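In: Coordinates only, no sequence provided:
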């Protein structure tokens, strides 16, 4: 934005690069251009300052579709002043002299012009479409209509205004209609959300059941393995008992066999010893049989004396001694 400093009889203008200044004296163009800086005489001089920057104008249009439904369209148009001299003649861009302290209204006037054109084109285009068509393809249709209408538009061209860009921001039905249209969609979305929730719950229940089945199967498998282990331990114990019994039986048979052999050997030994003793006894008896009766008596007395308890004193009568001596004498003969 350029600055203007006024002094007695003279003034100084310092413009910005984005401002196009027009200096006229007595209806004649003295100088013009962007970024100008100069002194001028206050009397008889007129200045107009036209901004060269692009401006964006947002317009909310309330249109009616061909099926008599209200449609709200929001449009944004970017415009700029392509011909500052023409714009300065058609709009209020006066800088000096100025009767009031308010700013120039040229930018606002151009915005209103662009908004009116956008409204008229949008209303006309929506009127050819049903509500369904407007909601479905209204943004592209309105944008195409605005581009076609603003390109080479006579009013804009005569005022030096150029439309740089057109953007349709939204096409929406009336609030009540939009609420009614949203209801089935919301119900559908809610239904899908409920179905998804039920599916997740069902999946969770199924997973929980699967986990329970897996845990039960694991427990059953563990119990089966325990039963197999117990059965195997029983079989092992039974096999050990059978092997021990078989070993004990073998040991018993071997012991019995050893005892039998030992008994047989002992019996044979006893028989042989008895036979030998019998032979000895027989020989002894045969020897004794050859002896006389008196000798046998003497031997008997000897054996008897050997088996009798100790005798401290014995009395022999003459008669006994006479008889014994007589026997000895007879034996000597």
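Out: Good, I have the coordinates. Everything numeric in this text was worked out from a predicted model, so none of it was measured. Residues are numbered from 1 along each chain as shown.
In: Need the single longest helix in the protein, by residues.
Out: In the chain, assigned by DSSP state H, the helix with the most residues is helix 175-290.
In: So for that helix, mean pLDDT?
Out: Averaged over helix 175-290, pLDDT sits at 85.
In: nearest residue to residue 142 other than its sequence neighbours?
Out: Spatially, and ignoring its direct neighbours in sequence, residue 142 is nearest to residue 168 (4.9 Å; Cβ to Cβ, 6 or more residues apart in numbering). Every C-beta, even on glycine, is put in place using the N, C-alpha and C of the backbone.
In: And that neighbour, its phi and psi?
Out: phi -90, psi 110 (degrees, to the nearest 10).
In: ok, now which ones touch it?
Out: Shown in contact with residue 168 (Cβ atoms under 8 Å, 6 or more residues apart in numbering): 73-76, 138-140, 142-143, 146.
In: and of the residues you listed, the nearest to residue 46?
Out: Using Cβ to Cβ, residue 76 comes nearest to residue 46 of these, at 34.8 Å.
In: what about the closest one, is that helix, strand or coil?
Out: Here residue 76 is recorded as strand under DSSP: H, G, I helix; E, B strand; the rest coil.
In: Go ahead and confirm it touches residue 55.
Out: No - judged on Cβ atoms under 8 Å, residue 76 makes no contact with residue 55 at a distance of 11.0 Å.
In: phi, psi of the closest residue to residue 26 other than its chain neighbours?
Out: Among residues not flanking residue 26 along the chain, residue 44 sits closest, at 5.9 Å (Cβ to Cβ, 6+ apart). The phi/psi pair for residue 44 (degrees, to the nearest 10) reads phi 80, psi 10.
In: Over to residue 73?
Out: Phi and psi for residue 73, reported as degrees, to the nearest 10, are phi -120, psi 130.
In: and the strand or helix carrying residue 22, how far from the chain's centre?
Out: Using DSSP states H and E, residue 22 sits in strand 19-25. Between the mean C-alpha location of strand 19-25 and the chain-wide mean there is a distance of 72 Å, by Cα atoms, centre = their mean, to the nearest Å.
In: Stretch 24-39 too?
Out: Centroid displacement of stretch 24-39 relative to its chain, using Cα atoms, centre = their mean, is 75 Å.
In: just stretch 252-264 next, same as before
Out: That offset, for stretch 252-264, works out to 78 Å (Cα atoms, centre = their mean).
In: Strands of the stretch 1-150 of the chain, start to end?
Out: 3-6, 10-14, 19-25, 28-34, 37-41, 45-51, 55-64, 70-81, 94-96 (DSSP state E, counting those that start in this stretch).
In: nearest to residue 153, of the ones you listed?
Out: Here strand 70-81 is closest among the strands of the stretch 1-150 of the chain (Cβ to Cβ), at 11.1 Å.
In: Between strand 45-51 and the closest one, find me the angle.
Out: Here strand 70-81 runs at an angle of 130 degrees relative to strand 45-51 (axes from the mean of the first three to the mean of the last three Cα atoms, to 10 degrees).
In: between strand 70-81 and strand 55-64, how big is the angle?
Out: Using the same axes, to 10 degrees: strand 70-81 against strand 55-64 is 160 degrees.
In: List the buried residues of strand 70-81.
Out: Residues of strand 70-81 classed as buried: 70-75, 77, 79, 81 (neighbour count, 16 or more other Cβ atoms under 10 Å).
In: Ok, stretch 132-142 next?
Out: 134-135, 138-139, 141-142.
In: which one among these gets closest to residue 163?
Out: Of all those, residue 163 sits closest to residue 142, with 14.0 Å by Cβ to Cβ.
In: can you pull the pLDDT of the closest one?
Out: 91.
In: The one 5 residues further on too?
Out: At residue 147, the pLDDT value in this model is 90.
In: Which secondary structure state does the nearest residue to it once chain neighbours are set aside sit in?
Out: Spatial nearest neighbour of residue 147, chain neighbours left out: residue 166 (5.3 Å); criterion: Cβ to Cβ, 6+ apart. Of the three states, residue 166 takes strand under three-state DSSP.
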